[in-house]
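In: Sharing a sequence plus its predicted fold:
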Amino acid sequence: MGLEEDIKQRKFKNQYQKAGVNLAFTYSFMVNRNMRMLKKFGLTLPQFNILRILRGQHPKVTTVNDLIDRMLDKSSNASRIVEKLRAKNLVERRVSELDRRAVDISITQAGLNLLALIDKVEHEFYFGIDSLTEEEATLLNVLLDKGRNMNEPE
């Protein structure tokens with residue numbers, strides 16, 4: 001089904017408006033599907049994002065500020081998310097040995113084990129996109145990067 005049928009809108013001002021609406025609609029579609037999938041594992045998308053960042057850093061530790069810099073959703077409250085993950089025994093928080101004012105964060109073995117389970121169904125995250133050829137996926141990445149890296153209007 002095309003965008004017009006999905007949102008029951010026949011006309012757009014131009015292809016740029018349609019592309020913007022299509023991007024927003026597709027984003028919402030993917031986020032909602034991924035939220036449902038992660039709910040089975042007791043995680044939210046921001047929690048999953050932080051766990052993946054920490055796994056990429058493992059065995060090194062990181063800080064909340066480093067997590068914020070790397071998160072997909074910059075508006076998420078990383079400190080609160082880390083605390084929820086700590087309560088689930090998926091991450092550890094320790095006072096930094098180098099700077100007593102800083103807190104080091106690392107993923108626990110339980111966090112690594114949970115991500116290993118999710119890895120087995122990771123293809124569900126890309127359902128739909130995996131119907132693209134590798135060349136089409138590459139082009140999509142180039143186009144999304146190009147659209148995001150333009151200067152914002154003043």
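Out: Noted; the coordinates are in hand. Numbering: from 1, shown residues only.
In: And the helix or strand of the chain with the lowest mean pLDDT, what does it pack against?
Out: Across the helices and strands of the chain, mean pLDDT, DSSP states H and E gives its lowest value to helix 3-7, namely a mean of 77. In terms of contacts (3 or more CB pairs under 8 Å, 6 or more residues apart in numbering; DSSP states H and E), helix 3-7 is packed against helix 15-39. Just so you know, the C-beta spots here come from the backbone N, C-alpha and C atoms, and that holds for glycine as well.
In: what comes up buried for the helix it packs on?
Out: K18, N22, N34, M37, L38 (16 or more other CB atoms under 10 Å).
In: Can you tell me how far the last one is from V103?
Out: With the distance defined as CB to CB, to the nearest Å, L38 ends up 25 Å from V103.
In: now the helix or strand hosting R55 against helix 15-39, angle please.
Out: Secondary-structure assignment from DSSP states H and E places R55 in helix 45-57. Put simply, helix 45-57 runs at 80 degrees to helix 15-39, going by axes from the mean of the first three to the mean of the last three CA atoms, to 10 degrees.
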